[in-house]
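Undergrad: have a look; sequence and predicted model below, questions after that.
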Amino acid sequence: MENISFPPSGDFFIPDLIAPESPEIGIWGYRRREYLRKYKNPIYTGLFLTGKLNAHLEEVIFSELIYA
């Protein structure tokens, strides 16, 4: 586990966390996500639970959708 600091904020100690960068998905990645969520739910759920969904959606480009 990483070292997390808890700086005081008034009467509370709040963890000093940094959110991960959001992926560059694009319009076709969003459309692919909605398609998987609605029509291929087991695939969507598997990718989501293993943490591979965003990596998959980053790779989706329009030409792959046409010729796939």
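TA: Cool, got the structure. Everything quoted here is computed from the prediction, not taken from an experiment. Numbering: from 1, shown residues only.
Undergrad: how about the strand or helix carrying Phe48: buried residues?
TA: Element membership of Phe48 [criterion: DSSP states H and E] is helix 41-50. Neighbour counts using 16 or more other C-beta atoms under 10 Å place 44, 47 of helix 41-50 among the buried residues. Where C-beta positions appear, they are placed from N, C-alpha and C, glycine not excepted.
Undergrad: and that helix, what does it pack onto?
TA: helix 26-39, helix 53-59 (3 or more C-beta pairs under 8 Å, 6 or more residues apart in numbering; DSSP states H and E).
Undergrad: what residues does that helix touch?
TA: Outside helix 41-50, the residues that touch it by C-beta atoms under 8 Å, 6 or more residues apart in numbering are 33, 36-37, 53, 56.
Undergrad: apply 10 Å and report the result again.
TA: 32-38, 40, 52-57 (C-beta atoms under 10 Å, 6 or more residues apart in numbering).
Undergrad: just want the angle from it to helix 26-39.
TA: 120 degrees (axes from the mean of the first three to the mean of the last three C-alpha atoms, to 10 degrees).
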